[in-house]
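# Here is my input, please return the structure:
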Amino acid sequence: MGIDLMTLHRLRLVWALALMLPGAVALAQSGQPVDDDVEPNVVPNVEPASQASGDADSFGPNMVRVSEYRDPLIGLNRAVFAFNDASYRYLLGPAARTYQNVTPDPIKQGIGNFFYNLRTPVYALNHLFQGKPDQTVKDLSRFLVNTTVGIAGLFDPADSWLQMERQVTSAGDTLAQYGLGYGVYLVLPFIGSSNLRNAGGMVLEMPLNAIEYLVDDPDGTVVRVFDNFQLYSPMIQSYVDITEDSEDPYIFMRNLHIQGIQRDAAYAQQAREETTQ
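Predicted coordinates for the structure are as follows:
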């Protein structure tokens, strides 16, 4: 018996909410407010640390330190991380290396351009909700130029001819713009390090993906999987290298992710202060 498109949408939504629910429950039980985020007063630096926030007794020289973190789902997160680690090392890593080494650069560039162009309306909508109408206009202009002159987005004349540079954003960034904290740290299957806020943003963006309306399932699912694969394949390759000497790769990747949240919060606060001056 076939599954219609609406049913698949609902299944994806239930799956995403299932990922988010344990974090919300744990957060509520801990009594910590969602928007009680880490202090963004100083832009943190990646630095060696003999002691770092985490559950490991000792840390190697490539551990990064964060001032605060929320990881009440560490048991579940570690299980998903172990699954991802094996996938990256023995499945996705070799596949990413093959894709990067075998596929000619112009073809990889064209594929990347095509999928980025499909995501551009989502970026435009997020920029609009972030109070950046000028960037929204640029996003839509990029989409129009590249869809037509750029042959369905395979080429990027908006950048090369008109100097309209790409500006990537997400619903998670939009939620952060409105003061929503990252909630708790999450490790998502295949995706890796994330958090409750970004996972919620992914759910919000699901029905906005143009692939949902251009390609019917199950082919649409294959296209989305390939989109994510080609987008993250360079990072999948580097994963093994950056975690090779780490005594606890889970803590290293978690702290690196949360440190990025701290850095982004610091930059956002600095930008707000400069705007009000």
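
# hey, where'd the helices end up in this protein?
Along the chain, counting by DSSP state H, helices occupy 5-30, 74-87, 93-102, 105-129, 133-148, 157-160, 171-177, 196-205, 211-214, 219-243, 249-276.

# Would you mark the buried spots in the fifth one?
Put plainly, it is helix 133-148. For helix 133-148, burial by neighbour count (16 or more other Cβ atoms under 10 Å) applies to 135, 136, 138, 139, 140, 142, 143, 145, 146. Just so you know, the C-beta spots here come from the backbone N, C-alpha and C atoms, and that holds for glycine as well.

# can you pull the contacts of the third one?
This points to residue 138. Contacts of residue 138 were listed using Cβ atoms under 8 Å, 6 or more residues apart in numbering, and they are 164, 167.

# how near is it to residue 117?
Distance of residue 138 to residue 117, given as Cβ to Cβ, to the nearest Å: 14 Å.

# Look at the nearest residue to residue 114 once chain neighbours are set aside and say how many residues are nearby.
Counting by Cβ to Cβ, 6 or more residues apart in numbering, residue 114 lies nearest to residue 153, which is 4.7 Å off, once chain neighbours are set aside. A count of neighbours around residue 153, defined by other Cβ atoms under 10 Å, yields 23.

# again, but for residue 261
Applying other Cβ under 10 Å, we find 23 residues neighbouring residue 261.

# before we move on, back to that, any idea how far the residue nearest to residue 114 is from residue 256?
Computed as Cβ to Cβ, the residue 153 to residue 256 distance reads 32 Å.

# next one: residue 90
For residue 90, the distance to residue 256 equals 22 Å [Cβ to Cβ].

# Looking only at neighbour counts, state which of those two leads.
More crowded of residue 90 and residue 256, by other Cβ under 10 Å: residue 256, with 17 against 10.

# which residues of the protein score low on pLDDT?
The model of the chain has pLDDT under 70 over residues 1-67.

# Quick check: beta-bridge partners of the nearest residue to residue 182 once chain neighbours are set aside?
In this structure, residue 182 finds its nearest non-sequential neighbour in residue 195, 4.1 Å apart by Cβ to Cβ, 6+ apart. Beta-bridge partners recorded for residue 195 (DSSP bridges): residue 185.
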